[in-house]
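**Student:** structure of the sequence below:
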Amino acid sequence: MRTKLSVNINKIATLRNARGGNYPDVIDFARRAQAYGADGITIHPRPDERHIRYTDAYALRPVVTTEFNIEGNPIPKFIDLVLQVKPEQVTLVPDDPHQLTSDHGWNTIKHKDYLFDIIKEFKKAGIRTSIFVDPELKMIEGAAATGTDRIELYTESYASEFAKENKKIVKPFAEAAILAHQLGLGINAGHDLNLDNIRFFKENVPYLDEVSIGHALIVESIIYGMENVIRMYQEKLKD
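**Tutor:** Predicted coordinates:
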């Protein structure tokens, strides 16, 4: 199974917003990423719109011809956005407005009923659902009970420990993926994955459907060029 690469373009929006105007243009970058081989485009609009804006989601919908993934905390404004834009996938993330970036997965046991109701609404609209989780088996079991289609494994701990040459850190992610597969869930992954650590993760975590990469990919693109970087990721994600 080939693991798909979804390119998160939030950082392009951050650069744009830093100067005002529309340069760089997130629409143009989405087109380029797909032309260079990305399997999808991911955005994560936050309530303060400090990078991707809600209007960007509407503008991107006709441009994303691969697969559109919108991430975020399912507050009412976000739910309305997703139901109107109708991306191929929505990823539910338990972040609050004050977080710099996502830093934990859902407690799928505590929030089971809340997630169940939201997921039911998205699935009724024909939108595939994924929920952001830590690699804990009880949280994987809880995720299955919400009715979600997929989970997204939060990989910050993997990336941090891998950089210290602790390759044993991949074990809980592999175990989580195996259990998720047994429970009928698809498996996505994301957060701090990069060209250095992605291949080892792919080789050791089975049933990996998709990775979503933004910050590292954009930084690496500054060094090597976006077209080269997307091709490098696709090579590392091959079976």
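
**Student:** from here on, contacts and neighbour counts on C-alpha atoms
**Tutor:** Fine.

**Student:** wait, doesn't residue 45 sit right on residue 51?
**Tutor:** Yes: judged on C-alpha atoms under 8 Å, residue 45 makes contact with residue 51 at a distance of 7.1 Å.

**Student:** report pLDDT for residue 239.
**Tutor:** Per-residue confidence (pLDDT) for residue 239: 87.

**Student:** again with residue 104
**Tutor:** pLDDT, read off for residue 104, is 80.

**Student:** could you grab the helix/strand/coil label for residue 142?
**Tutor:** helix (DSSP: H, G, I helix; E, B strand; the rest coil).

**Student:** bridged to the residue nearest the centre of the chain, which residues?
**Tutor:** For the chain, residue 212 is the residue whose C-alpha lies nearest the centre (C-alpha atoms, centre = their mean; 4.1 Å). Beta bridges link residue 212 to residue 6, residue 190, judged by DSSP bridges.

**Student:** contacts only, for it.
**Tutor:** Residue 212 is in contact with 5-8, 42, 188-191, counting by C-alpha atoms under 8 Å, 6 or more residues apart in numbering.

**Student:** for the one helix or strand residue 153 maps to, packing partners?
**Tutor:** Element membership for residue 153, per DSSP states H and E: strand 150-154. The contact analysis (3 or more C-alpha pairs under 8 Å, 6 or more residues apart in numbering; DSSP states H and E) places strand 150-154 against strand 128-133, strand 186-190.

**Student:** the next helix or strand after the shortest one packs against which elements?
**Tutor:** Translated: strand 186-190. Sequence order places helix 198-204 as the next helix or strand after strand 186-190, per DSSP H and E. The elements that helix 198-204 packs onto, with contact taken as 3+ C-alpha pairs under 8 Å, 6+ apart, are helix 170-182, helix 226-236.

**Student:** could you redo the last one with a cut-off of 7 Å?
**Tutor:** With contacts defined as 3 or more C-alpha pairs under 7 Å, 6 or more residues apart in numbering; DSSP states H and E, helix 198-204 has no helix or strand neighbours.

**Student:** next, the buried residues of it.
**Tutor:** Within helix 198-204, the residues scored as buried using 16 or more other C-alpha atoms under 10 Å are 198-199, 201-202.
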